[in-house]
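**Student:** sequence-free structure coming up:
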């Protein structure tokens, strides 16, 4: 059986909190990390109807894309809608966890699911993100002490490469030194030159973990004054990034791709609308789940014929179309992010001993649509 800690560990390998925007509010909102988790419910919005659905399904954990308290709060009183969510979840023993902009840029993430929903292939990031800066730690330690030191450094965050941890390179060599008059040497004696068979130990260190790793090195290394180097590494490209761009197997008109989007995403009162020439041929499509109107120029640079996203604004849309930057398709914000739920649920179920369910409630706030095409 998995604990909440176990489930969070899986989620945070796929959607690392460090990838979230500085203004975002991701992670555990409520719940006991050591509590058992058997069923996890996924939804876009942490609203009352979704809580009803999660509790009816027997969920021990609700994972949502949108944060509950994005702007912060001073109260969780049950007299407010959001406070009521917290009280009801805690009372039922159901935790709440959020993966928002860290899931937007993940690989795979929100826009990958949207790209798959509209049948794109050869998908790549629209705005690629480089992996976080790393450094290489190099130190030297007697062979008998190397495993204990690797364990201590790994516990502090060193040695993580992709889905692997405790990664280290070892090579044998000879170290030489002479302890001074005030030294308290682990090996040898003051004033005498010593030669010691040592292992050269190399591990990668995320720049944000440097302080903790160095503390662990100094605490766990057997020497009074361990020698070490920190070597900056060039940030490597990754599959992460905001938005995606890919190809349709066969070209379509903009009118046809708009209809395809409407059929491929869950129906909402907002519907799907497009800006640009309805007969424009479309093969390359850029997508961004949620609010991605600012990516029009990036979509054009990537060779896209159309950008599918949400929350497009009048003036910006008019400028993009008048300048013939790229055609635009605007769907409901909720609908463009909903496909991610099944992707995230499958990812979790494959890595943890839990059952997963996906919300089918339309929580897009727009509920009435009137009028017709121009």
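**Tutor:** That came in fine, so what should we check first? Given the structure is predicted, the values throughout are model-derived calculations rather than measurements.
**Student:** make it CA atoms for all contacts and neighbour counts henceforth
**Tutor:** Will do.
**Student:** For residue 285, which residues are in contact?
**Tutor:** Contacts for residue 285 were tallied using CA atoms under 8 Å, 6 or more residues apart in numbering; they are 120, 245-248, 304-308.
**Student:** hey, which strand is longest across this protein?
**Tutor:** Among the segments of the chain that qualify as a strand by DSSP state E, the longest is strand 237-253.
**Student:** which residues of the stretch 101-250 of the chain fall in strands?
**Tutor:** Counting by DSSP state E, counting those that start in this stretch, the stretch 101-250 of the chain has strands at residues 121-130, 134-142, 169-177, 194-206, 228-232, 237-253.
**Student:** ah, wrong one, I meant the stretch 251-374 of the chain
**Tutor:** Using DSSP E, counting those that start in this stretch, the strands found in the stretch 251-374 of the chain span residues 272-275, 281-291, 306-310, 327-331, 355-358.
**Student:** would a markdown table of those strands with distance to residue 211 and mean pLDDT be doable?
**Tutor:** Output for the strands of the stretch 251-374 of the chain, formatted as a markdown table (distance: least, CA to CA, whole Å; pLDDT from 0 to 100):
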| stretch | distance to residue 211 | mean pLDDT |
| --- | --- | --- |
| strand 272-275 | 50 | 96 |
| strand 281-291 | 36 | 96 |
| strand 306-310 | 40 | 98 |
| strand 327-331 | 45 | 97 |
| strand 355-358 | 38 | 98 |
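**Student:** Packed most tightly, which of these would that be?
**Tutor:** Stretch with highest mean neighbour count among the strands of the stretch 251-374 of the chain: strand 306-310 (a mean of 29; mean count of other CA atoms under 10 Å).
**Student:** Report the angle between that strand and strand 327-331.
**Tutor:** 30 degrees (axes from the mean of the first three to the mean of the last three CA atoms, to 10 degrees).
**Student:** Strand 306-310 - which strands sit beside it in the sheet, and in what orientation?
**Tutor:** Strands that pair with strand 306-310, judged by DSSP bridges, come out as strand 281-291 (parallel), strand 327-331 (parallel).
**Student:** I would like the residues contacting that strand, please.
**Tutor:** With CA under 8 Å, 6+ apart, strand 306-310 has contacts from 254, 282, 284-293, 296, 299, 326-333, 336.
**Student:** Any regions of the chain where pLDDT drops low?
**Tutor:** Where the chain drops to pLDDT under 70, the residues are 373-374.
**Student:** That one: helices as residue ranges?
**Tutor:** Taking DSSP state H, the helices of the chain run over residues 4-14, 48-56, 81-91, 101-104, 110-117, 146-155, 210-220, 254-264, 296-301, 314-322, 333-337, 339-351.
**Student:** Quick one: distance of the shortest one to the chain centre.
**Tutor:** The chain centroid and the centroid of helix 101-104 are separated by 5 Å, computed with CA atoms, centre = their mean, to the nearest Å.
**Student:** Now do the same contact list for the residue nearest to residue 70 when sequence neighbours are not counted.
**Tutor:** Spatial nearest neighbour of residue 70, chain neighbours left out: residue 25 (5.5 Å); criterion: CA to CA, 6 or more residues apart in numbering. Taking CA under 8 Å, 6+ apart, we find residue 25 in contact with 67, 69-70, 98, 100.
**Student:** returning to what we had before: so what strands line up beside the longest strand of the chain?
**Tutor:** strand 121-130 (antiparallel), strand 281-291 (antiparallel).
**Student:** Can you name the residues bridging to the closest residue to residue 228 other than its chain neighbours?
**Tutor:** Taking CA to CA, 6+ apart as the measure, residue 228 lies nearest to residue 139, with 4.3 Å between them; neighbours along the chain are not counted. Beta-bridge pairing of residue 139 under DSSP bridges involves residue 201, residue 228.
**Student:** What distance do you get for residue 139 to residue 267?
**Tutor:** According to CA to CA, to the nearest Å, residue 139 and residue 267 sit 58 Å apart.
**Student:** Residue 189 now?
**Tutor:** The gap separating residue 189 from residue 267 is 78 Å, by CA to CA.
**Student:** Including distance to residue 345, could the contacts of residue 285 go into JSON lines?
**Tutor:** Formatted as JSON lines, these follow (distance: CA to CA, whole Å):
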{"residue": "120", "distance to residue 345": "21"}
{"residue": "245", "distance to residue 345": "23"}
{"residue": "246", "distance to residue 345": "24"}
{"residue": "247", "distance to residue 345": "26"}
{"residue": "248", "distance to residue 345": "26"}
{"residue": "304", "distance to residue 345": "30"}
{"residue": "305", "distance to residue 345": "31"}
{"residue": "306", "distance to residue 345": "29"}
{"residue": "307", "distance to residue 345": "27"}
{"residue": "308", "distance to residue 345": "24"}
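**Student:** And those residues, which is closest to residue 105?
**Tutor:** Among the contacts of residue 285, residue 245 lies closest to residue 105 (CA to CA), at 13.2 Å.
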